[in-house]
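> just the structure for this:
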Amino acid sequence: MSQRASDAGTPLLQVEGLVKHYPVTAGVFSREVARVRAVDGVSFEIAPGETLGLVGESGCGKTTVGRTLLRLEEPTAGRVLFDGKDLATLPRAELRAVRRSLQMIFQDPMSSLNPRMTIRDIIAEPLYVHRIARGEALDARVVDLLEKVGLPGAWRNRYPHEFSGGQRQRVGVARALALGPKLIVCDEAVSALDVSVQAQVLNLLIDLREELGLSYLFISHDLSVVRHVSDRIAVMYLGQIVEVAPAARLFEAPAHPYTRALLSAIPVPDPTRRAQRIVLEGDVPSPMHPPPGCRFHTRCPAVMDRCRRDVPPPVELPGGHVVSCFLADATPQDGDWKRATEERRISAEAARAKERQAELQLGGPSRSLASEGLGSENLAEPSTPAWVARSFPVALVAALLGLVLLGWPGSREARAIQQHAGLERELRGFAEATGALPEGLRELGWRLQEVFEDGKPVDPWGQPWEYTQGEGGFSLLSFGPDGVAGGGDDIRGAGG
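Modelled structure (predicted):
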């Protein structure tokens, strides 16, 4: 998917169909048996003085895009045009001259700095290699670069281990600025820093962009950081860009379901507001065997049949917004596009809910908050056959330990407490997900089947759990073997 830069003139960087595959070999003769499709047809543009944010889950190919742009990784296919020159085909001699205008700030400032070199030598190395300065002029240039990034020039004879993490990253910024670049690739440049230090380095990058007219490709997984520094944001999923939009518009009106899920994961700093979290089902598919059609369809909450067959084309929405999703296809190209897209998403989710209900009536997978994508991280995991297979070693150890503990005094009390805690988590998760309280314990997706006898939830003594609900709250109580509230074995709990 291609997205025009915000500047109407010639873009500084133009990426067209960038592909980077890694072969997977096996056997004595290292025969290629598969390919890891790290980057699979990425296209975008960056205008002079612009910052493009690149976001996505870990493993989606963000860092590979940045390294391939600079030819630190050789591209498998595609074109990378910088100032009209195709970097993918430039000979080494010409590429070396162009690299003065292309620099990179790496994620880990400690591993990217040579511990045996002083800060002066680290910053002076590119100046020496490209024969820009020598002698006193070289020293003066190093001092100027250090002061430009907020470090005293007198520290130039220190080693990297004598600096803090934020100071080391400032040294990395100074090294990137040494050759006077036009474009800097920031690969998770602040993710290894404390929050307060992140703000300082981000403000430094913004000031340098305004002072020197720099352009950035800012790679990060932190959406709040990307929003702070970016003019436009591109969202990647499984090696492809699925949505590109101006930063403010992407946060106000995300069009792709994956972008919606990413934004819903941002913590809300207001305790009075209830976050509407979109929980994606399943795991990210393997880049060795990406799914056909839309690559997000295996986890999309609004998947349709055509999503499993066809690749969604890029759809241009108002305000420089481009998205590859069938939900945005054929929507009105005016102010009502957002409402039309939302209606189509709700309709698709309703159709999928009917399919799941039909599966339940036909004896399909049993219902639980986790399987419906409504639970929280505190809910108990479904005990499906696949889960049992993956957890067999742990389950075996737990079973043997349980056999030993069954004969110990107080073991049934401990079991009752554990069951009580599990039921209470279910109650809270159900209330948080649905905004209401269940009519009874059977409404919950609790999977500890050993506590259910004859359709009734009972404690280890065979006494039924007492569950009552009132206005805005619930109570959960086990009376223990004596059946008397207030006895020595009763377990109480309440929540709202």
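> how near is residue 430 to residue 353?
17 Å (CB to CB, to the nearest Å). In short, each C-beta sits where N, CA and C put it, glycine included.
> my bad, should have said residue 203
46 Å.
> kindly report the same for residue 124.
To residue 353, residue 124 is 63 Å away according to CB to CB.
> next: residue 271.
31 Å.
> who's more crowded, the two?
Using other CB atoms under 10 Å, the more surrounded residue of residue 271 and residue 353 is residue 353, with 12 against 6.
> which helix or strand contains the more buried one?
With elements taken from DSSP states H and E, the one containing residue 353 is helix 337-361.
> and that helix, average pLDDT?
Computed over helix 337-361, the mean pLDDT rounds to 69.
> same check, this time on stretch 123-134
So the average pLDDT for stretch 123-134 ends up being 90.
> would you mark the buried spots in that stretch?
For stretch 123-134, the neighbour count (16 or more other CB atoms under 10 Å) marks 123, 124, 126, 127, 132, 133 as buried.
> show the end-to-end separation of it, please.
Across stretch 123-134, the terminal residues are separated by 13 Å (CA to CA, to the nearest Å).
> three-state assignment of residue 63?
helix (DSSP: H, G, I helix; E, B strand; the rest coil).
> contacts only, for it.
Contacts for residue 63 were tallied using CB atoms under 8 Å, 6 or more residues apart in numbering; they are 107, 187, 188, 219.
> name the nearest residue to the third one, sequence neighbours excluded.
In this structure, residue 188 finds its nearest non-sequential neighbour in residue 107, 3.9 Å apart by CB to CB, 6 or more residues apart in numbering.
> check the contact between that neighbour and residue 186; I expect there is one.
No: counting by CB atoms under 8 Å, residue 107 does not reach residue 186; the two are 9.2 Å apart.
> of the two, give the one with the bigger neighbour count.
Comparing residue 107 with residue 186 by other CB under 10 Å, the one with more neighbours is residue 186, at 27 against 18.
> just the pLDDT for that one.
Looking at residue 186, its pLDDT stands at 95.
> state the distance from it to residue 80.
Distance from residue 186 to residue 80, by CB to CB: 17 Å.
> with residue 419 instead?
To residue 80, residue 419 is 59 Å away according to CB to CB.
> tell me, how many residues neighbour residue 81?
Residue 81 has 17 neighbouring residues, counting by other CB under 10 Å.
> and it, what element?
Element membership for residue 81 (DSSP H and E) is strand 77-82.
> who's in contact with that strand?
With CB under 8 Å, 6+ apart as the test, strand 77-82 has contacts from 12-19, 41-42, 68-69, 86-88, 98, 101-102, 183.
> quick one: average confidence on that strand?
What strand 77-82 shows for mean pLDDT is 94.
> likewise for stretch 38-58?
Averaged over stretch 38-58, pLDDT sits at 94.
> so how far is residue 238 from residue 299?
Counting by CB to CB, the gap from residue 299 to residue 238 is 10 Å.
> now for the two: what residues contact both?
What both residue 299 and residue 238 touch, as defined by CB under 8 Å, 6+ apart, is the set residue 284.
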